[in-house]
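predicted structure and sequence below. I'll ask about it afterward.
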Amino acid sequence: MGSFAKWIGGGLGWAVGGPIGALLGFVIGSVVDGAGTQMKQLPGYTQRTTTGGYITSLLVLVAAVMKADGKVMRSELDFVKEFLKRNFGEQAAAESVVMLKDLLEQNIPLEDVCRQIESHMHYSARLQLLHFLYGIAGADTSITAEEEKVIAFIGVHLGIQPNDLNSIKAMFIRDTGYAYQILEIESTATDEEVKKAYRRMAMKYHPDKLATMGEEIQRAAHDKFSKVNEAYETIKKERNLN
């Protein structure tokens with residue numbers, strides 16, 4: 001597991017402890033043992049969220065969402081693999097899917113996992129986690145009620161504000177007025193309020209907010225940012241705004 005070993009070599013930070021560390025213990029242990037390294041000697045064992053810590057956190061949450069409807073779809077596994085392949089390379093993707101399959105067989109203490117993530121990961125990074133989860137849940141063409149319920153639970157316990165939770169949800173579940181929900185405003189908002197909301201959301205979801213997560217996560221954040229732009233363009237077209 002060369003790529004995953006590289007992540008550990010760079011440090012998993014706080015993710016090696018608490019409920020996430022317990023869930024990943026077998027996988028991490030096998031890699032560390034293979035490298036002949038003691039966990040306490042790993043570089044990067046800090047409170048900072050590393051790329052490795054971020055990806056392992058994502059995989060644990062993904063496993064919880066995939067288990068929500070009582071069945072794991074091949075399309076969901078393929079979506080996760082393609083996402084990781086696109087951002088981290090083919091080898092890392094293949095290894096992560098193996099790790100995900102192991103997590104799918106475990107009982108995940110979801111509330112405890114969310115609390116650990118909330119206490120160590122900054123808000124913009126947690127927003128991006130939620131965005132990934134909706135994307136993966138919708139990989140099989142629809143998001144089930146069970147999956148939506150689990151993602152909402154995760155959002156609440158990650159400390160995501162209700163307006164942000166609804167905004168990201170609207171990017172994937174397009175009810176009437178979804179564009180306004182993405183910008184966190186009412187359809188009765190004035191044109192000036194629409195413009196101000198767009199500027200606010202563009203700043204909130206800008207990929208630069210995730211610069212400390214590494215280039216891979218920052219690149220993936222462009223999808224969320226583009227959906228804000230898309231929502232704004234939809235409203236502009238409806239209102240004939242310049």
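Nice, I can see it.

domains for the chain, by residue range?
1-160, 162-242 (automatic domain parsing).

what about residue 194, how many residues close to it?
21 (other CB atoms under 10 Å). (C-beta placed from N, C-alpha, C; glycine too.)

which SSE is it in?
helix 191-204 (DSSP states H and E).

centre of the chain to that helix, how far?
Here helix 191-204 is found 24 Å from its chain centre; the criterion is CA atoms, centre = their mean, to the nearest Å.

which elements pack onto the helix or strand that comes right after it?
As assigned by DSSP H and E, the chain's next helix or strand after helix 191-204 is helix 215-220. Secondary-structure packing of helix 215-220 (3 or more CB pairs under 8 Å, 6 or more residues apart in numbering; DSSP states H and E): helix 51-66, helix 74-88, helix 123-137.

how much does the next helix or strand after the last one deviate in direction from helix 123-137?
In this case it means helix 123-137. Using DSSP H and E, the helix or strand that directly follows helix 123-137 along the chain is helix 145-157. Angle, helix 145-157 to helix 123-137, by axes from the mean of the first three to the mean of the last three CA atoms, to 10 degrees: 170 degrees.

report the mean confidence score over helix 145-157.
Helix 145-157 shows a mean pLDDT of 95.

least confident of the helices and strands packed on helix 215-220, on average?
helix 74-88 (a mean of 79).

chain center to it: distance?
13 Å.

buried stuff in it?
76, 77, 79, 80, 81, 83, 84, 85, 87, 88 (16 or more other CB atoms under 10 Å).

least reliable of the domains of the chain going by mean pLDDT?
When I compare these, domain 1-160 is least confident, with a mean of 79.
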